[in-house]
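Asker: just the structure for this:
(chains A and B)
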2 protein chains.
Amino acid sequence: MTDNNSQADTAVAIETLLTQRRSPYKFDPDRDVEEQDLRALFEAARWTMSSYNAQPWRYIVGVKSRSPSVWQQIYEVLVEGNQGWAEHAPVLALGLTKSIFEHNGKENKAAMHDLGAASANLTFEATARGISVHQMIGIEPDKAVQTFSLPQEIIPLTALAIGYEGENPKLATELAERDNRPRERIEVADFLISGHF
Amino acid sequence: MTDNNSQADTAVAIETLLTQRRSPYKFDPDRDVEEQDLRALFEAARWTMSSYNAQPWRYIVGVKSRSPSVWQQIYEVLVEGNQGWAEHAPVLALGLTKSIFEHNGKENKAAMHDLGAASANLTFEATARGISVHQMIGIEPDKAVQTFSLPQEIIPLTALAIGYEGENPKLATELAERDNRPRERIEVADFLISGHF
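Answerer: Residues are numbered from 1 along each chain as shown, chains lettered A, B, ... in the order given. As a prediction, this is how the structure comes out:
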């Protein structure tokens, strides 16, 4: 399904589910994600750790075949550059945070961090099931607030395209080619500010 | 090692590495984390997805046995409530973000989100190796900035206690008992704002 660049070139061996994960542009537009698989993805998000166990992650999910109007609403919240390829994803989701703690009404400074962790766990479960997730920061938050009548404390941050990677002749060649590029990362030493192992 | 509450009570089956993960207070103070394991944990963080592949996660790592002065510096950045149990963790780390994009000097609005994802992947690799990670938002960011002479664009956000879970007679009884409580989560329906599967 994927090419020889699909495995990350790791410096030391790590779990294959982490090295296999990629954010593809090539989604198979004809292959649906089953309901039971989607349930498992969001169940994985559910068991993420969070500051004060506040579980500040929120999601809006649209399945093209089963909830087309929500899928369309999410699609229209994406910036144009993302619409070009995300239109082929059978499932679109928005990632949002509840920015205020329920127990004291104060700002939850870990809310975005914990959404990131939840979406990572969701993606991990997806990889285990052969499903790909491509996350985007390129959304129009104000439009999301308006479309879904979000209360003030709910902050839209990301979108997630979910589906099976596959050949897609409708996809722009330039984007399809991006999927063949090797995955590149800075070295661990470059993000380690101080200390050693 | 852990009790009968160590497995999450999931609504649908998901990867066992996600259900086994917990954030314990009980770290075995006498069991070190090997260098090769720590390398793998941060290699897992390295291969996380990020907005524009900016890889904004940064870490400071202190190993009590091998880099005691950094460990001590991180320990002193923790709020008092966390020092009480985290002092038994053989490894302490700080999670920070590079808040500015290198390519255009603008704010990276996904920085905290992407640190959360990186620390989730790190934790996943840890679970696979039988190592526990307990993350904290309770740190003193200003003290971290001062202690490590951080430039303005580097924002400290979290701390991570890393080690092996184990019986620890030195730990306050109340904290040790917290580890025996079942893990509790809201239902998926409670964090799904709109749409269905």
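
Asker: give me the phi and psi angles of the residue in chain A that chain B sits nearest to.
Answerer: Of all residues in chain A, A:Gly116 sits closest to chain B, at 2.9 Å by C-beta to the nearest C-beta. All C-beta spots, glycine's among them, are computed from the backbone N, C-alpha and C. As for A:Gly116, its main-chain torsions (degrees, to the nearest 10) stand at phi -60, psi -40.

Asker: what does A:Ala44 give?
Answerer: Main-chain torsions, A:Ala44, degrees, to the nearest 10: phi -60, psi -40.

Asker: what residues are up against A:Arg39?
Answerer: Contact partners of A:Arg39, counting by C-beta atoms under 8 Å, 6 or more residues apart in numbering or on different chains, are B:Ala11, B:Val12, B:Val188, B:Phe197.

Asker: of those residues, which is the nearest to chain A?
Answerer: Distances from chain A to the contacts of A:Arg39, taken as C-beta to the nearest C-beta, are shortest for B:Phe197 (4.1 Å).

Asker: excluding chain neighbours, give the residue nearest to that closest one in space.
Answerer: Closest residue to B:Phe197 apart from its sequence neighbours, by C-beta to C-beta, 6 or more residues apart in numbering or on different chains: A:Leu38 at 4.1 Å.

Asker: and that neighbour, what pLDDT?
Answerer: A:Leu38 is assigned 97 on the pLDDT scale.

Asker: what about it, neighbour count?
Answerer: By the criterion of other C-beta atoms under 10 Å in any protein chain shown, A:Leu38 has 25 neighbours.

Asker: equivalent analysis for the one 10 residues further on, please.
Answerer: For A:Thr48, the count of nearby residues is 23 (other C-beta under 10 Å).

Asker: my read is that the residue of chain A closest to chain B contacts B:Ala111, right?
Answerer: No: applying C-beta atoms under 8 Å as the test, A:Gly116 and B:Ala111 come out as separate, 9.5 Å apart.

Asker: look at the two and report which has more neighbours.
Answerer: A:Gly116 (33 against 27).

Asker: which SSE is A:Glu174 in?
Answerer: helix A:173-178 (DSSP states H and E).

Asker: for the record, mean pLDDT for the helix or strand following that helix?
Answerer: Going down the chain from helix A:173-178, the next helix or strand is helix A:188-191, by DSSP H and E. What helix A:188-191 shows for mean pLDDT is 95.

Asker: report pLDDT for the residue of chain A closest to chain B.
Answerer: On pLDDT, A:Gly116 comes in at 98.

Asker: hmm, the helix holding A:Glu174 in reach of chain B?
Answerer: No: using C-beta under 8 Å from any C-beta of the partner chain, helix A:173-178 never reaches chain B; the gap is at least 11.2 Å.

Asker: tell me which residues are up against that helix.
Answerer: Applying C-beta under 8 Å, 6+ apart, the set of residues contacting helix A:173-178 from outside is A:Tyr25, A:Lys26, A:Gly84, A:Trp85, A:Asn168.

Asker: try stretch A:57-64
Answerer: Residues contacting stretch A:57-64 (C-beta under 8 Å, 6+ apart): A:32-33, A:38, A:42, A:45, A:48, A:50, A:67-75, A:89-98, A:114-115, A:118-119, A:148, A:154, B:191-197.

Asker: the strand ranked longest in chain A close to chain B?
Answerer: Counting residues, the longest strand found in chain A (DSSP state E) is strand A:154-163. Yes: contact of strand A:154-163 with chain B (C-beta under 8 Å from any C-beta) involves A:Ile154, A:Leu157, A:Thr158.

Asker: just checking, A:Ala172 touches A:Glu87?
Answerer: No: checked against C-beta under 8 Å, the pair A:Ala172 and A:Glu87 is beyond contact range at 11.2 Å.

Asker: when those two are compared, which one has more neighbours?
Answerer: Comparing A:Ala172 with A:Glu87 by other C-beta under 10 Å, the one with more neighbours is A:Glu87, at 17 against 12.

Asker: what count of nearby residues applies to the closest residue to the more buried one other than its chain neighbours?
Answerer: Nearest residue to A:Glu87, sequence neighbours excluded (C-beta to C-beta, 6+ apart): A:Tyr75, at 6.5 Å. A:Tyr75 has 19 neighbours, counted by other C-beta under 10 Å.

Asker: ok, back up a step: the helix or strand containing the residue nearest to B:Phe197: which residues count as buried?
Answerer: For A:Leu38, the host element (DSSP H and E) is helix A:35-46. For helix A:35-46, a neighbour-count test (16 or more other C-beta atoms under 10 Å in any protein chain shown) marks A:Asp37, A:Leu38, A:Arg39, A:Ala40, A:Leu41, A:Phe42, A:Glu43, A:Ala44, A:Ala45, A:Arg46 as buried.

Asker: and of those, the nearest to B:Ala126?
Answerer: A:Ala44 (16.6 Å; C-beta to C-beta).

Asker: relative to B:Trp47, how far out is the closest residue to the closest one other than its chain neighbours?
Answerer: Once flanking residues are discounted, A:Ala44 sits nearest to A:Glu125: 3.6 Å by C-beta to C-beta, 6+ apart. Here A:Glu125 is placed at a distance of 17 Å from B:Trp47 (C-beta to C-beta, to the nearest Å).
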